[in-house]
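K.L.:
Here is a sequence together with a model predicted from it:
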Amino acid sequence: MKARILLVIFFACIVRTSSFAQDAGQLSTAATPEQTAANIAVYDRIAAALGSAAPSLSMSELVVQVALQLLGTPYLGASLESEPEQLQVYLDKTDCILFVELSTCMALTLKGKRIVQAGDGEHFAMREKPSLEDATPCYPLLCDNIRNMRYRLGVVDGYASRIHYTSEWLLQNSTNGILREYSKEIGQEFEQPFYYMSMHPTRYKQLNHDVCELGKIRMMEEHLSTQKPYFFVPQSALIQASVMAQIKSGDIVAFISTWDGLDLAHVAIAYEHDGEMHFIHASYGAKKVIIEPKTLAEYATNGIRVARLND
């Protein structure tokens, strides 16, 4: 009887909602007035510096320019952990994935583009061209793009609706035509399991006592497992000039994790510096956004996956 009740609870938790569009104007960013003012100050500074150049730059070029504007931004981990789950935006502090997300969404915003979800909740229609619509560049548009990039189908609906595995972040943004992963072209196939979060729920306060959210996370892990084969570029390949020549400034590089069941441990933006390929990232060690002194090949001891932004 107990098992039957738990099964009913689990299926009740994964029923899809009928609508997958949310109005960003109706969503709180969970920011204090002081945080909002700090965000707008950063937005205005970058828009003033790059807004006029945005139309003539490719997405990859513009993302690099935005990333350079964010150099020195303080590192802050676990900044999104609030209950209940809300869209939270920070432009004056960041971690690795939020930095890449902000740089990409800021570039889209400066180009006057809004992300439109290609999926309908049941089917994903892979787009060769970006799934975007024209919009007026402004801070609210940036927040809207962040929501559509950070949450599954752009819907804020509990902890599990936020994209936690970087593989899913790459998948959703590939689906929406924002980027294209090309690890397969320059790398090799490998086995990628997904179970870290569901196997360690006590490490996530939102999962520790919530069977519904834990069930949703497990369902997403199973979905990601069906997306194989996965490909990566090992460090031994990155030291080859022919392989490294195919990685360009502005590409998104994701570093393979060594933790069982966890896909990717770090994310950055490739950046050619002093004639060699380095990267810009929110460094946990430096506690701020920096141009990494090590080359990409030196840093990527476990290999990488790599994606390029579409124009």
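P.N.:
Okay, I see it.
K.L.:
Determine the next helix or strand in the C-terminal direction from the longest strand seen in the chain.
P.N.:
Ranked by residue count, the top strand of the chain under DSSP state E comes out as strand 264-273. Going down the chain from strand 264-273, the next helix or strand is strand 276-283, by DSSP states H and E.
K.L.:
who does that following strand touch, helix- and strand-wise?
P.N.:
Using 3 or more C-beta pairs under 8 Å, 6 or more residues apart in numbering; DSSP states H and E as the contact test, the elements touching strand 276-283 are helix 59-69, helix 96-110, strand 264-273, strand 288-291, helix 296-299. The way it works is simple: take the backbone N, C-alpha and C, and place the C-beta from them, glycine included.
K.L.:
Run the chain-centre distance for the third one.
P.N.:
It stands for strand 264-273. 12 Å (C-alpha atoms, centre = their mean, to the nearest Å).
K.L.:
by how many degrees do that strand and helix 59-69 diverge?
P.N.:
90 degrees (axes from the mean of the first three to the mean of the last three C-alpha atoms, to 10 degrees).
K.L.:
ok, strand 264-273: who's next to it in the sheet?
P.N.:
strand 252-256 (antiparallel), strand 276-283 (antiparallel) (DSSP bridges).
K.L.:
Comparing the ones you listed, which comes out most buried?
P.N.:
Comparing the strands paired with strand 264-273 by mean neighbour count (mean count of other C-beta atoms under 10 Å), strand 252-256 ranks first with a mean of 25.
K.L.:
related to what we said a few turns ago, and of the helices and strands packed on strand 276-283, who's closest to Gly51?
P.N.:
helix 96-110 (5.6 Å; C-beta to C-beta).
K.L.:
Report the mean confidence score over that closest one.
P.N.:
Helix 96-110 shows a mean pLDDT of 97.
K.L.:
ditto for stretch 235-255
P.N.:
Taken as a whole, stretch 235-255 has a mean pLDDT of 97.
K.L.:
buried ones in the longest strand of the chain?
P.N.:
By 16 or more other C-beta atoms under 10 Å, the buried positions in strand 264-273 come out as 264, 266-271.
K.L.:
relative orientation of it and helix 96-110 in degrees?
P.N.:
Going by the same axes, to 10 degrees, strand 264-273 makes 50 degrees with helix 96-110.
K.L.:
Quick check: closest non-adjacent residue to Ala49.
P.N.:
Counting by C-beta to C-beta, 6 or more residues apart in numbering, the nearest residue to Ala49 once its immediate chain neighbours are dropped is Gln69, at 6.0 Å.
K.L.:
whoops, Glu168 was the one
P.N.:
Leaving out its chain neighbours, the residue that sits closest to Glu168 by C-beta to C-beta, 6+ apart is Leu224, at 6.0 Å.
K.L.:
The one you found and Asp263, how far apart?
P.N.:
8 Å (C-beta to C-beta, to the nearest Å).
K.L.:
Ala300 too?
P.N.:
For Ala300 relative to Asp263 (C-beta to C-beta), the value is 15 Å.
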